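# No sequence on hand, only this structure:
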């Protein structure tokens with residue numbers, strides 16, 4: 001569904017809100033997989049993507065909504081492994097996945 005939101009020719013507000021709601025459902029139920037996470041990145045602009053992560057409880061963001069490096073001085077990409085384990089609790093971790 002999130003992939004459809006990113007690919008279909010829908011008005012941005014509808015596509016982004018739908019993708020955001022679907023991601024929130026995945027977080028709540030523990031089904032954030034590499035596929036779900038990657039498709040959310042494609043469906044949302046970068047700032048909205050980080051806002052959705054923060055809204056769902058991702059803590060590694062500064063006050064401007066950016067993901068920080070370990071030293072807190074640089075912006076870095078968010079990887080699946082950085083996300084809370086509770087978001088991924090129902091995902092088969094033995095399945096082959098990329099390290100995004």
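Thanks, I have the structure now. Only a predicted model underlies this, so the values are computations on that prediction, with no experimental measurement involved.
# rest of the way, CA atoms for contacts and neighbours
Fine.
# Grab the nearest non-local neighbour of the residue sitting nearest the centre point of the chain.
Nearest to the mean C-alpha position of the chain, counting by Cα atoms, centre = their mean, stands residue 37 at 4.6 Å. Once flanking residues are discounted, residue 37 sits nearest to residue 80: 7.0 Å by Cα to Cα, 6 or more residues apart in numbering.
# roughly how far apart are the one you found and residue 12?
Using Cα to Cα, to the nearest Å, residue 80 is found at 25 Å from residue 12.
# When these two are compared, which one has more neighbours?
The residue with more neighbours, out of residue 80 and residue 12, is residue 80; 21 against 13, by other Cα atoms under 10 Å.
# wait, the more buried one sits on residue 35?
No - contact criterion Cα atoms under 8 Å: residue 80 and residue 35 do not qualify, at 9.8 Å.
# Please point out which parts of whatever helix or strand residue 27 lives in sit buried.
With secondary structure defined by DSSP states H and E, residue 27 is part of helix 12-29. Residues of helix 12-29 classed as buried: 15-16, 18-20, 22-24, 26-27 (neighbour count, 16 or more other Cα atoms under 10 Å).
# Now the host helix or strand of residue 48: average pLDDT?
Following DSSP H and E, one finds residue 48 within helix 46-55. Throughout helix 46-55, pLDDT has a mean value of 87.
# Buried residues, that helix. List them.
48-54.
# Closest to residue 6 out of the residues you listed?
Residue 6 has its nearest neighbour among the buried residues of helix 46-55 in residue 49, at 12.1 Å by Cα to Cα.
# contacting residues around that closest one?
40-41 (Cα atoms under 8 Å, 6 or more residues apart in numbering).
# same thing but at 10 Å, please
16, 19-20, 37, 40-43, 55, 65 (Cα atoms under 10 Å, 6 or more residues apart in numbering).
# Relative to residue 90, how far out is residue 15?
26 Å.
# Same question for residue 77.
Distance from residue 77 to residue 90, by Cα to Cα: 24 Å.
# of the two, who's got more company?
Between residue 77 and residue 90, residue 90 has the larger neighbour count (other Cα under 10 Å), namely 14 against 11.
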